[in-house]
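**Student:** Just a sequence and a predicted model for now, questions to come.
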Amino acid sequence: DVTNFFSNFSAPCDLMYREPAGAERVLFDCNTTSTDEASCAAMDPSVSYDGKTIIFSVFRGKLVHPSENIHPQVLDPLATNTDYTRFTFPNRILQTKEAQLHIVNVATGDVKALPHVADTIDAGPTFLPDGRITFTSTREAQRRAMVAGTNNAGPTAQLWTADPDGRNADLASHHGLGGD
């Protein structure tokens, strides 16, 4: 969901693997383990160059039903009422509290959570040719620049690199991504 980088996307969702013959198996389960108060979404998978491991982000937070004021004619073009009405959507969205990187061995299904700074978002991981990983993170708590006419100086992510086990994390970009 590219319009909601940190939060407010449909959840829960699992990380799935499709075998060459077409059978599917769950590599990371959020659907059966989530509650409305503690849910997750496994997202941003990236396959290693040798195809043996997948690195991904697990977003965690609570589920809410989004609602919005909608003109009645959006739902029924023949509606005569012209007053906007509060409409609660049936899907649930995740209000993210944090996101942590995980790595899974495709052959065995073994999952390992990588080191994490509490209440931050580590997302968009990928493998680098030298064997390290890169990802975006809010670890430095940098805020977006406030643009005239807006009221949102929310968190922005920066590029980080780390060893494939998550150790030796280094800030690779001191500028926020898309925030400035």
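**Tutor:** In hand now; what should we look at?
**Student:** what about the closest residue in space to Phe56 that isn't next to it in sequence, how many residues close to it?
**Tutor:** Leaving aside its chain neighbours, Phe56 sits nearest to Pro45 (4.3 Å; criterion: CB to CB, 6 or more residues apart in numbering). Any C-beta I mention is one placed from the backbone N, CA and C, and that applies to glycine too. Using other CB atoms under 10 Å, Pro45 has 18 neighbouring residues.
**Student:** go on, Asp50?
**Tutor:** 8.
**Student:** From Thr33, how far out is Pro90?
**Tutor:** Distance of Pro90 to Thr33, given as CB to CB, to the nearest Å: 22 Å.
**Student:** swap in Pro125?
**Tutor:** Distance, Pro125 to Thr33, by CB to CB: 21 Å.
**Student:** Of the two, which one has the most company?
**Tutor:** Remark: of Pro125 and Thr33, Pro125 carries more neighbours, 24 against 12, as counted by other CB under 10 Å.
**Student:** doesn't Thr53 make contact with the more buried one?
**Tutor:** No. Here Pro125 lies out of contact with Thr53, judged by CB atoms under 8 Å, at a distance of 11.1 Å.
**Student:** Tell me the pLDDT of the residue lying farthest from the centre of the chain.
**Tutor:** The C-alpha centroid of the chain is most remote from Thr80, which lies 40.7 Å away (CA atoms, centre = their mean). Listed pLDDT for Thr80 reads 87.
**Student:** for Val147, same thing?
**Tutor:** pLDDT, Val147: 55.
**Student:** Arg167 too?
**Tutor:** According to the prediction, Arg167 has pLDDT 94.
**Student:** need the contact list for it.
**Tutor:** The contact partners of Arg167, taken as CB atoms under 8 Å, 6 or more residues apart in numbering, are Pro115.
**Student:** Let's verify it: helix, strand, or coil?
**Tutor:** coil (DSSP: H, G, I helix; E, B strand; the rest coil).
**Student:** Give the burial count for Thr32, as a bare number.
**Tutor:** Thr32, neighbours per other CB under 10 Å, totals 8.
**Student:** do the same with Gly61
**Tutor:** Considering only other CB under 10 Å, Gly61 is surrounded by 21 other residues.
**Student:** again, but for the one 4 residues further on
**Tutor:** When neighbours are defined as other CB under 10 Å, His65 has 11 of them.
**Student:** same thing with the one 5 residues further on?
**Tutor:** Here the number of neighbours of Ile70 (other CB under 10 Å) works out to 13.
**Student:** ok, it touching Thr85?
**Tutor:** Yes. Here Ile70 reaches Thr85: they are 6.1 Å apart, a contact under CB under 8 Å.
**Student:** Okay, and the residue minimising distance to the centre of the chain sits in which element?
**Tutor:** Note on the chain: the residue nearest the mean C-alpha position is Phe59, at 4.9 Å, using CA atoms, centre = their mean. Using DSSP states H and E, Phe59 falls within strand 53-64.
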